[in-house]
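Trainee: Mind folding the following:
(one chain, ligands or ions: 2)
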Amino acid sequence: MIISIASGKGGTGKTLVATSLAISLAEKRKVQLLDCDVEEPNDHIFLRPTFSKKEVASIPVPIVDEEKCTHCGECSRVCVYHALAVLKTKVMTFHELCHGCGACAYLCPEDAITEEPREIGTIEFASPNGIDFVQGKLNVGEAMAPPVIRQVKRHINSDGIAIIDASPGTSCPVVEAVKGSDFCLLVTEPTPFGLNDLILAMGAVQMMGIPCGVLINRSGTSDDQLEDYCHQENIPLLMKIPLDIEIARLYSRGIMLVEGMPQWRGRFIELFDKITEEATVHHRER
Ligand code: SF4
Ligand code: SF4
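Mentor: Ligands and ions are numbered 1, 2, ... in the order given. Alright, predicted model coming up:
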C-alpha cells in the first residue's frame, strides 16, 4: 500500500506526521519511508539515520555528433524546453534546460544524437528504527525535481507499506510524488492560509483520482472552517494533533512525536486503519 503525505503549504507538520506514522507502523509491519521532498528533505533530521548506500540521480542529456549532423533543425523543433539550438554549422545544447525526455535522440533522422547521464541529485538509503528509509536530494542549483522523485519511487517495495513524504504545494514535484498512491493524507492547520492551500491541494489530488483525507495539525479553537469544508466536500477528517507546547518543543528539538510521547503510537496506528478503510471503500466503488 502506498500512502502519500502532502500539504498545500509548507510548515504544516507533514514531516512530523510522515515520520511518526512510519515509526508507529514499523513495530509490526514492513514499512518504507520515502522522502520525496527532494528540494528540502527533512525526515532525516528526525530519524537521524546512518546512510549505508548512495546512488547518483541523473537524467539522460543529448550529445550531438557533428560529423553525422546535417543541421536539419528537427531536434530543436521537437524540444519544448528549448534545450537545443541548431545553428548553420553547429548544434548548441543547454543541458541545464533538458528534461531528459529523449525525444530529440529518438527523432533525429541521422542518428546523430546519443545520450549521457547528467547528475542532478542523490538517492540515499538507511534503515533507522526498523524502517527502510530512502531519501532523494536535488543538487543545489538544479531545478528538475521530478526525475529525482521518480528515481526515489523506483525503490518502492510493493509487499509492504510505503509512505511518501511529498513536498508542500501543488506544483509538478507534488504531482510526481503523489501519483500512483493508494491514498493521500493532506496535512493542514486551522488558519485561513491552511484552508486556502488545502482546497488547492485537494483539487490536485482529486484530479488524479486518488482518495484523500485530512489531518489537522495544531488543532484548537479555530478548527470550524476546516471541519465545515471537509463536511461540505465529504472528505474524511482522519486525525487531529492539538496545538500543544510539549509537541512543539519536541519538534523544535528534532524529536519525533511518537519518540517523545510514545502514547501517540496507538493514535497513528488508528490513523493507518482509517486510511486503509477509506482506500478500500474507494477501490470498491471504482
Ligand atoms: S535532428 Fe539530428 S541531424 Fe537534425 S539538427 Fe538535430 S542533431 Fe542534427
Ligand atoms: S531530451 Fe528532451 S528535453 Fe532534453 S534536449 Fe532532447 S528533446 Fe529537449
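
Trainee: Pull out the buried residues from the longest strand along the chain.
Mentor: Longest strand in the chain, counting residues (DSSP state E): strand 113-126. Neighbour-count burial for strand 113-126, counted by 16 or more other CB atoms under 10 Å, picks out Ile113, Arg118, Ile120, Gly121, Thr122, Ile123, Glu124, Ala126. For every residue, glycine as well, the C-beta is placed using N, CA and C.

Trainee: List of residues touching stretch 125-135?
Mentor: Residues from elsewhere that reach stretch 125-135, judged by CB atoms under 8 Å, 6 or more residues apart in numbering: 22-23, 26-27, 30-35, 41, 43-44, 47-54, 123-124, 152, 155, 157, 160.

Trainee: Centre of the chain to it, how far?
Mentor: 16 Å (CA atoms, centre = their mean, to the nearest Å).

Trainee: what's the answer for stretch 177-187, then?
Mentor: The chain centre lies 9 Å from the centre of stretch 177-187; the measure is CA atoms, centre = their mean.

Trainee: Same question for stretch 12-31.
Mentor: Put simply, stretch 12-31 sits 15 Å off its chain's centre (CA atoms, centre = their mean).

Trainee: Would you mind writing the CA trace of it as CSV?
Mentor: The C-alpha trace of stretch 12-31 is given here as CSV (Å, rounded to 0.1, in the frame of the first residue of the first chain):
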residue,chain,number,x,y,z
THR,A,12,2.0,22.3,8.5
GLY,A,13,3.8,19.4,10.1
LYS,A,14,4.0,16.9,7.2
THR,A,15,7.3,15.6,8.4
LEU,A,16,6.1,15.1,11.9
VAL,A,17,3.2,13.0,10.5
ALA,A,18,5.2,11.0,8.0
THR,A,19,7.9,10.1,10.5
SER,A,20,5.6,9.3,13.3
LEU,A,21,3.3,7.2,11.1
ALA,A,22,6.3,5.2,9.8
ILE,A,23,7.8,4.6,13.2
SER,A,24,4.5,3.5,14.7
LEU,A,25,3.7,1.1,11.9
ALA,A,26,7.2,-0.4,11.8
GLU,A,27,6.7,-2.1,15.2
LYS,A,28,4.7,-4.8,13.5
ARG,A,29,4.8,-4.2,9.7
LYS,A,30,7.3,-3.8,6.9
VAL,A,31,7.5,-0.1,6.3
